[in-house]
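Trainee: Provided below are the primary sequence and the corresponding predicted coordinates.
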Amino acid sequence: MLFKDPNYKEWVEPNSFYPFSSEIFYRENKNIYRDEEDGFTIEAIKEHSWHGIPVTGLKIQTGEDTLIFSSDTVSNVHLWKQLCTEKRAQKMKMSQKDFESAPVIYGDINDFIERVWSQERYNEAVRTFEDAVVIHDVCTGPSAVHTDYRLLRDTPLHKDRTILTHSPDKITSEWALCDTNKTFKIRGKNFFEIVGNRLYSMNADIYYKEDGRYLVGYRNENGNYTVYDKDGLLSLSRGNRLNDGTALFNVDVYEDISGKYFPIVEDKNLVYRERKDGQVEIVEFTDEGSRGRIIENYRDTLKER
């Protein structure tokens with residue numbers, strides 16, 4: 001749809017141009033779902049979204065707790081600013097009079113749009129995540145539909161209030177990573193992982209995923225693993241590997257098993273196994289068979305930060 005905005009006097013595609021709060025294009029009733037019995041609301045949001053094909057995020061609120069699932073999007077305030085400030089020239093093969101009088105036009109809609117976002121949509125996009133914990137998609141390369149890890153600094157997201165999801169394998173992140181079967185609890189502007197009957201903050205210095213394993217690292221100048229930065233992307237390696245980029249800091253690495261942390265094992269004959277009673281044992285395989293012993297959960301002893 002093409003629509004001539006009455007304030008800008010420009011042709012726009014209204015679904016992209018206006019925030020949901022706009023009464024020029026959207027109805028006053030925002031169709032927010034409210035569960036009066038349990039005291040929560042679910043609201044559709046799109047002000048922050050840039051995806052090509054339109055997508056909608058979700059804001060879930062209960063009391064003072066707010067969680068936003070941002071959905072597939074490239075979050076970048078510099079891009080958003082360009083979308084709302086750039087005046088584009090129309091590319092038409094007809095006169096302006098014929099264009100404005102035609103009920104139907106065939107062609108690429110982008111040839112006729114004069115501005116992609118309104119200033120109102122930009123303002124609301126910047127404010128979207130102010131008071132919420134956010135689940136946000138991330139990638140490790142240029143993408144039209146996900147936020148590049150290297151551009152997280154150009155978003156209005158807060159590292160201590162964001163859980164990254166949809167992440168590729170072998171990602172190293174200073175931001176908390178979501179993982180299968182993890183459960184989080186929102187308290188105000190903070191989130192905690194639920195492990196048994198305990199709540200733990202996500203206070204590791206580094207998070208790493210590979211081949212179904214979830215690892216965390218805590219700074220230690222004598223740690224066996226080093227975090228490297230190469231063109232804004234991080235990596236985690238054992239020992240000195242100059243080809244991995246610039247060394248940032250050393251860490252002790254722990255394997256996350258159901259939210260419990262255990263020192264990483266590098267011997268192929270050793271594996272961790274979670275028992276039915278919830279305890280974790282390290283199992284050693286030898287020529288004579290296997291034997292295991294219960295290992296203490298180190299997460300309780302790691303410094304809260």
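Mentor: Arrived safely, thanks for sending.
Trainee: Report whether the expected contact of Gly39 with Ile60 is present.
Mentor: No - with contact defined as C-beta atoms under 8 Å, Gly39 does not count as touching Ile60 (11.6 Å). Bear in mind the C-beta positions are built from the backbone N, C-alpha and C, glycine included.
Trainee: neighbour-wise, which of these two wins?
Mentor: Ile60 (17 against 10; other C-beta atoms under 10 Å).
Trainee: Touching the host helix or strand of that one from outside, list them.
Mentor: Assigned by DSSP states H and E, Ile60 belongs to strand 57-62. If you take C-beta atoms under 8 Å, 6 or more residues apart in numbering as the criterion, strand 57-62 is touched by 38-46, 48-49, 66-71, 73, 132.
Trainee: tell me which residues of it are tucked away?
Mentor: Neighbour-count burial for strand 57-62, counted by 16 or more other C-beta atoms under 10 Å, picks out 57, 59-61.
Trainee: same question, stretch 20-34
Mentor: 20, 25.
Trainee: Also stretch 288-304?
Mentor: Buried residues in stretch 288-304, defined by neighbour count with 16+ other C-beta under 10 Å: 292, 295, 297-299, 302.
Trainee: For stretch 122-140, list every residue counted as buried.
Mentor: Applying 16+ other C-beta under 10 Å to stretch 122-140 flags 122, 124-126, 128-129, 132-140 as buried.
Trainee: so how many other residues sit close to Asp211?
Mentor: Using other C-beta under 10 Å, Asp211 has 6 other residues around it.
Trainee: So what does the closest residue in space to it that isn't next to it in sequence look like in phi/psi?
Mentor: Distances taken as C-beta to C-beta, 6 or more residues apart in numbering place Asp169 nearest to Asp211, at 6.8 Å, with adjacent residues excluded. Dihedral angles of Asp169 (phi, psi; degrees, to the nearest 10) stand at phi -70, psi 150.
Trainee: So what's the residue count around Asp169?
Mentor: Neighbour tally, Asp169, other C-beta under 10 Å: 10.
Trainee: So it is in contact with Glu210, correct?
Mentor: Yes - contact status for Asp169 versus Glu210: in contact at 5.8 Å, counting by C-beta under 8 Å.
Trainee: still on that earlier bit, between the helix or strand following the strand holding Ile60 and strand 57-62, how many degrees?
Mentor: Next in sequence after strand 57-62, counting helices and strands by DSSP H and E, comes strand 65-69. For strand 65-69 against strand 57-62, the angle by axes from the mean of the first three to the mean of the last three C-alpha atoms, to 10 degrees is 160 degrees.
Trainee: Among the buried residues of stretch 122-140, name the ones in helices.
Mentor: Within these, residues falling in helices by DSSP state H are 122, 124-126.
Trainee: Okay, now the unreliable bits of the stretch 151-300 of the chain?
Mentor: Applying pLDDT under 70 to the stretch 151-300 of the chain flags residues 242.
Trainee: ok so, going back, for the residue nearest to Asp211, what are its contacts?
Mentor: By C-beta under 8 Å, 6+ apart, the contact set of Asp169 is 209-211.
Trainee: Turn the residues you listed into CSV, including secondary structure and distance to Ile163.
Mentor: Output for the contacts of Asp169, formatted as CSV (DSSP: H, G, I helix; E, B strand; the rest coil; distance: C-beta to C-beta, whole Å):
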residue, secondary structure, distance to Ile163
Lys209, strand, 13
Glu210, strand, 19
Asp211, coil, 21
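Trainee: where do the strands sit along the stretch 151-300 of the chain?
Mentor: Listed in chain order, the strands of the stretch 151-300 of the chain (DSSP state E, counting those that start in this stretch) span residues 162-165, 171-173, 184-187, 190-195, 198-201, 206-210, 213-219, 225-230, 233-238, 246-257, 260-263, 270-274, 280-286, 289-294.
Trainee: will you turn the ones in helices among the buried residues of stretch 122-140 into CSV that also has distance to Thr246 and pLDDT?
Mentor: Formatted as CSV, those follow (distance: C-beta to C-beta, whole Å; pLDDT from 0 to 100):
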residue, distance to Thr246, pLDDT
Tyr122, 35, 97
Glu124, 38, 96
Ala125, 33, 96
Val126, 31, 96
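Trainee: Kindly reformat the residues you listed as TSV containing distance to Val116.
Mentor: Formatted as TSV, these follow (distance: C-beta to C-beta, whole Å):
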residue	distance to Val116
Tyr122	10
Glu124	15
Ala125	12
Val126	16
